[in-house]
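A.B. asks: I'd like to go over a predicted model; first the sequence, then the structure.
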Amino acid sequence: MKQQKCFDDYPYWIILISNSVSIAIYLVGAYIIYQLGNIWLILYLVYIFGLEIRLLKRSCVNCYYYGKFCAFGKGKICSLFFKKGNSHKFIRDKITWKDILPDFLVSIVPLFAGIVLLILDFNWLMLLLIVMLVILTSVGSGFVRGTLACKFCKQREIGCSAEQLFNKEGKK
């Protein structure tokens with residue numbers, strides 16, 4: 001089987017698509033949450049910001065792509081705000097479903113909020129937003145990670161806990 005080419009710096013078009021999907025999930029979720037009130041929207045946005053900071057501080061500082069353009073451009077962003085960590089830590093740290101649950105809540109909370117809002121007062125826009133959120137979270141994120149990001153990732157080749165968690169073949 002032919003070895004996939006890994007990127008040292010991802011092309012800008014992959015970074016753009018990858019971030020567009022994430023930002024679209026955040027925006028759709030934020031709009032749904034906004035229907036509950038401004039305070040809930042602010043809490044949701046602060047939560048997203050906290051998750052992004054957590055990712056930069058806990059993972060990106062130790063990643064091969066620190067100071068480089070990963071599929072999301074976060075290696076470059078991380079290097080502007082945080083000191084380089086230990087690349088061996090990235091490989092050693094094991095990720096569990098419990099560790100990534102907070103990331104899933106970015107979509108799950110607005111999804112449930114949208115369903116409750118639909119039950120209380122049906123409207124087509126809310127239904128469309130819920131469908132969009134499900135598609136972006138499943139198909140969109142799956143496409144980004146499976147086709148654009150992880151497939152060409154040098155860190156995956158070196159060692160990645162997320163890849164071990166999601167890759168069924170890696171568990172044999």
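C.D. replies: Structure's in. What do you need?

A.B. asks: now find how far off-centre the helix or strand containing residue 39 is within its chain.
C.D. replies: Using DSSP states H and E, residue 39 falls within helix 38-58. Relative to the centre of its chain, helix 38-58 is centred 13 Å away, using CA atoms, centre = their mean, to the nearest Å.

A.B. asks: so how far is the lowest-mean-pLDDT helix or strand in the chain from its chain's centroid?
C.D. replies: Sorting the helices and strands of the chain by mean pLDDT, DSSP states H and E puts helix 161-166 at the bottom, at a mean of 75. Distance of helix 161-166 from the chain centroid (CA atoms, centre = their mean) equals 14 Å.

A.B. asks: again with stretch 86-102
C.D. replies: The answer for stretch 86-102 is 14 Å, by CA atoms, centre = their mean.

A.B. asks: list the contacts of it.
C.D. replies: Residues outside stretch 86-102 that contact it (CB atoms under 8 Å, 6 or more residues apart in numbering): 51, 54, 59, 62-64, 66, 155, 158-162, 164-165. Where C-beta positions appear, they are placed from N, C-alpha and C, glycine not excepted.
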